[in-house]
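Undergrad: only geometry, no sequence info:
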């Protein structure tokens, strides 16, 4: 994978990027989440965006999907600037994206079959027999063809995510965004999901973006990693490159060290002064 | 004093901003009503969920309200030997006021709160967000069908409530207390007017209540904080706000329709 560095300290611009983020800044109220962030997601690969909880990984997915707009900067998906699109064009672009939400976000009043059929029924004029064939193919791909009649409330957490994955690939998107796909999964479910993400990416020619803080599982399937903290990309590279990185950020995150550049404590006034002089909570 | 003024200022600004958001929300819902031409099935499903499933509470409440009206009316009119007017009293009370108002209040408690909780939970569990990410407009797929179904269901439920109420009044007055059946129906037929009473009360009032009740319920659900406390608060607000809005609006509409000034 050839990489072109755009400016000192900037994240690389891959020679075939599907997603390009340039000079991204975003705040929620007084809290600045991203400061002049650059990154690019190579087409056809699995790219992981990692970092501690609360660093804005999910917010980055929302920005790429156009759910929120940045304060400054450009986010391009397949050459289209997401943050400049109107609602109609954004919806057209989203038909080519799949999103796996952390909770699965299955429609609770629809069966597994109807959940997977939902995007097909909404966006195509296919016959019901064709929709049935497609839904069964997608469910077979995630190993849940036999669970088609179940309701979401009857599924385990891992099964819910696999059904959501089947729904996300229903329209054969060019890209899938995974929001913490391994969070709260037992080891078997996690292993199944890890394999599934890699297999689907290669078999369907997708581009996958995984947001996660599960270092081990993500590193086994990712082709490229970004590590973000404190509103910036602190390091990036292939898993091999990052495993040899001398960066203290990478060292702390990869080895789960409590102390390091990423502070254990949330920003607060001095401890002594807070205890002795403060009156309000 | 300045703190008190500042607090009032903040309250008024927040209220105006909330009213603005609610108005934009209503406009988006009205714009999305075009779904009816391409997806009439969505409306039918919601008519069943909102209208048909509200029938038991409407039928039972209507029957008891009519029976109480029959009893109360009889105990007052009998002193003046005017029990033959009981049919008119029961019918006009139900058609002009009790039918539309009580149906709207019952609707807020049964269907309005359910709509708010459903939409609030759909947001909290990212179902609305996932729909948007699948390029499906939730205003077309979720909100507009519920809004239109509620708007259509309210006058129908009001008509049913009123009819059952009159039947309840008849059962108590004529069957139980021995009021003459001919006078009960005859006086009613002579005094109740199609446009002035039935159109104004059952259709126009209840349509206005239907618009307000569904608007409040869906807006509260859509802007509920994505937590259990947020959904609970939004559900409570739906019932309280709808009740107050219906009662206030009822006074205005009554003054316009039946007022003497």
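TA: Received, thanks. Not measured: the values here are computed from a predicted model. Residues are numbered from 1 along each chain as shown, chains lettered A, B, ... in the order given.

Undergrad: what residues does the stretch 101-250 of chain B put near chain A?
TA: Counting by CB under 8 Å from any CB of the partner chain, the residues of the stretch 101-250 of chain B lying close to chain A are B:125, B:126, B:127, B:129, B:130, B:132, B:133, B:134, B:135, B:136, B:137, B:141. The way it works is simple: take the backbone N, C-alpha and C, and place the C-beta from them, glycine included.

Undergrad: so for the host helix or strand of residue B:230, mean pLDDT?
TA: Element membership for residue B:230 (DSSP states H and E) is helix B:228-258. Averaged across helix B:228-258, pLDDT comes to 93.

Undergrad: got the buried residues for that helix?
TA: By neighbour count on 16 or more other CB atoms under 10 Å in any protein chain shown, the buried set for helix B:228-258 is B:231, B:233-235, B:237-239, B:241-243, B:245-246, B:249-250, B:253-254.

Undergrad: please, where are all the strands along the chain?
TA: Just going to use chain A. A:3-5, A:12-14, A:17-28, A:31-42, A:46-50, A:72-77, A:80-81, A:97-100, A:175-179, A:207-212, A:224-229, A:232-237 (DSSP state E).

Undergrad: select, out of these, the one closest to residue B:258.
TA: Proximity to residue B:258 (CB to CB) singles out strand A:17-28 among the strands of chain A, at 52.3 Å.

Undergrad: helices of chain B, start to end?
TA: B:2-31, B:35-38, B:40-46, B:55-77, B:86-92, B:99-107, B:113-124, B:127-133, B:138, B:144-170, B:181-191, B:206-222, B:228-258 (DSSP state H).

Undergrad: any weak-confidence spans in the stretch 151-281 of chain A?
TA: For the stretch 151-281 of chain A, applying pLDDT under 70 flags the ranges A:262-264, A:278-280.

Undergrad: give me the neighbour count for residue 61.
TA: Went with chain A since none was named. Residues within reach of residue A:61, counting by other CB atoms under 10 Å in any protein chain shown, total 23.

Undergrad: that was the other one, I meant chain B.
TA: Residue B:61 has 19 neighbours, counted by other CB under 10 Å.

Undergrad: which ones are touching residue 63?
TA: Defaulting to chain A. A:21, A:24, A:26, A:69, A:70, A:75, A:82, A:83 (CB atoms under 8 Å, 6 or more residues apart in numbering or on different chains).

Undergrad: oops, chain B please
TA: So residue B:63 contacts B:164, B:165, B:167, B:168 (CB under 8 Å, 6+ apart).

Undergrad: for chain B, give me the ranges with low pLDDT.
TA: Those would be B:260-261, if you go by pLDDT under 70 across chain B.

Undergrad: ok, now the stretch 1-150 of chain A?
TA: Scanning the stretch 1-150 of chain A for pLDDT under 70 picks out A:1-15.

Undergrad: and it, which residues reach chain B?
TA: Contact residues, the stretch 1-150 of chain A versus chain B (CB under 8 Å from any CB): A:65, A:67, A:91-92, A:94-95, A:97, A:99, A:101-103, A:105-108, A:118-119, A:122-123.

Undergrad: repeat that for 6 Å
TA: Applying CB under 6 Å from any CB of the partner chain, one finds that the stretch 1-150 of chain A approaches chain B through A:65, A:91, A:94, A:95, A:99, A:101, A:103, A:105, A:107, A:119, A:122.

Undergrad: what count of nearby residues applies to residue B:198?
TA: By other CB under 10 Å, neighbour count at residue B:198 equals 18.

Undergrad: distance of it relative to residue B:55?
TA: As for residue B:198, its distance to residue B:55 is 21 Å (criterion: CB to CB, to the nearest Å).

Undergrad: what's the answer for residue A:249, then?
TA: 63 Å.

Undergrad: that older thread, Serialize the contacts of residue A:63 to TSV and add fields for neighbour count.
TA: Shown next, in TSV, are the contacts of residue A:63 (neighbours: other CB atoms under 10 Å in any protein chain shown):
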residue	neighbour count
A:21	25
A:24	24
A:26	22
A:69	13
A:70	20
A:75	22
A:82	24
A:83	18
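
Undergrad: for residue B:172, list the residues it contacts.
TA: The contact partners of residue B:172, taken as CB atoms under 6 Å, 6 or more residues apart in numbering or on different chains, are B:67, B:70, B:71.
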